[in-house]
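Asks: only the shape, not the letters, is given here:
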């Protein structure tokens, strides 16, 4: 866990405060960068996305670990696009839980089987209409095992919500990292005291 904190502390960081959101951009050398957005009132992370260079040096598009990518203009103008009935998965964490929303999934809650296999949460349906493996990259980074009793699920409005309770040591680490981020001076006017230390 200390290796992750050290990586973030050593990275070149740029911060921007905009509309109650603290945006932090990290550079980990020339081949890897990360961007995070935090709600300044709650301190919750809204977005974490990565961009890595390929072996030939070409930068990839942003890959979202947390949050939902915006619909790009090119996607809107394409002649072919993914069906709106195809379930979409996005991670939206809270202070205390890793959380995913999968929608649209119209089946009742009793139709879903949620299990932990190795380092993934597996979602299946009894009617064999849906299967998905969910990884918690944070837990992988910290080399922490997943424990099935920490997994919860709920279903409403054609949305399956799955959450995993964060271990106490992860909560402490996230608070320490957020405290460090509050020390990064924004490139535009921003009130450093507005960082909520919850």
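Replies: All right, it came through fine. Remember, predicted model here, so these are calculated numbers, not experimental data.

Asks: any idea which residue sits dead centre in the protein?
Replies: The chain has residue 66 as the residue nearest its centroid, 1.8 Å off, counting by CA atoms, centre = their mean.

Asks: and residue 73, what pLDDT?
Replies: We have a pLDDT of 41 for residue 73.

Asks: same question, the one 10 residues further on
Replies: pLDDT for residue 83: 64.

Asks: now do residue 3
Replies: With respect to pLDDT, residue 3 has a value of 88.

Asks: now for the host helix or strand of it, which elements pack on it?
Replies: Using DSSP states H and E, residue 3 falls within helix 2-10. Judged by 3 or more CB pairs under 8 Å, 6 or more residues apart in numbering; DSSP states H and E, helix 2-10 is in contact with helix 168-181. Using the backbone N, CA and C atoms, a C-beta is placed for each residue, glycine as well.

Asks: touching the helix it packs on from outside, list them.
Replies: With CB atoms under 8 Å, 6 or more residues apart in numbering as the test, helix 168-181 has contacts from 1, 4-5, 8-9, 13, 15, 22, 24, 36, 38, 43, 45, 95-96, 138-139, 142, 144, 166, 195, 197-198.

Asks: what's the answer for stretch 104-114, then?
Replies: The set of residues external to stretch 104-114 that reach it, using CB under 8 Å, 6+ apart, is 84-85, 87, 121-127, 129-130, 151, 153-155, 158-160, 162.

Asks: buried set for that stretch?
Replies: Residues of stretch 104-114 classed as buried: 105, 111, 112 (neighbour count, 16 or more other CB atoms under 10 Å).

Asks: end to end, how far does it reach?
Replies: 17 Å (CA to CA, to the nearest Å).

Asks: average pLDDT for that stretch?
Replies: Here the average pLDDT along stretch 104-114 is 94.

Asks: any quick ChimeraX command for the buried ones out of the contacts of stretch 104-114?
Replies: Only the buried entries of those go into this ChimeraX selection, using 16+ other CB under 10 Å:
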select :87,121,123,124,151,153,155,160,162
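
Asks: out of the contacts of stretch 104-114, which are inside helices?
Replies: Counting by DSSP state H, no part of the contacts of stretch 104-114 is found in helices.

Asks: in strands, which of the contacts of stretch 104-114 appear?
Replies: Of the positions in those, 121, 122, 123, 124, 125, 151, 153, 154, 155, 159, 160, 162 sit in strands, assigned by DSSP state E.
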